[in-house]
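Novice: everything below, folded, please.
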Amino acid sequence: MVIAVFGAATASSSLVLVFVGIVAATLWSPDRMANQFRRRFRTAGGFSSASFLAGLVCAGLSTWWLTLGQPGNVYLALLAAFLLQLVLLGIAAALVVFRTIFGP
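Specialist: The predicted model follows:
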């Protein structure tokens, strides 16, 4: 289970970097959006960054669990971090897709 979570967390973290790139490109585009629209994209960037950080925590906890005797508390924290990453990734994806495709 931990190896599967490790793989899924690292793959999801690399996927969320695509969302961060889309948001950054939108925020720094030369057409200069109004501040209220920039704030919306900053929110999407915040959720994307938080999802990426949760994935890093998940990868770290997975490595810790696999190398240091498989402590039970680390396993529970790992699963909680992975679920948090999934929730944050879903929110970030929805924000980026809706704001990019359907406009700010």
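
Novice: how about stretch 14-28: buried residues?
Specialist: Val16, Phe19, Val20, Ile22, Val23, Thr26 (16 or more other Cβ atoms under 10 Å). The C-beta positions use only the backbone N, C-alpha and C, and glycine is treated the same way.

Novice: redo those residues as TSV? Include secondary structure, pLDDT and distance to Ser62.
Specialist: Shown next, in TSV, are the buried residues of stretch 14-28 (DSSP: H, G, I helix; E, B strand; the rest coil; pLDDT from 0 to 100; distance: Cβ to Cβ, whole Å):
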residue	secondary structure	pLDDT	distance to Ser62
Val16	helix	84	17
Phe19	helix	74	22
Val20	helix	79	22
Ile22	helix	75	27
Val23	helix	75	27
Thr26	helix	72	32
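
Novice: from those residues, which single one is nearest Ile101?
Specialist: Nearest to Ile101 among the buried residues of stretch 14-28, counting by Cβ to Cβ, is Ile22 at 10.6 Å.

Novice: residues contacting Leu61?
Specialist: Neighbour list for Leu61: Val74, Ala77, Leu78, Ala81 [criterion: Cβ atoms under 8 Å, 6 or more residues apart in numbering].
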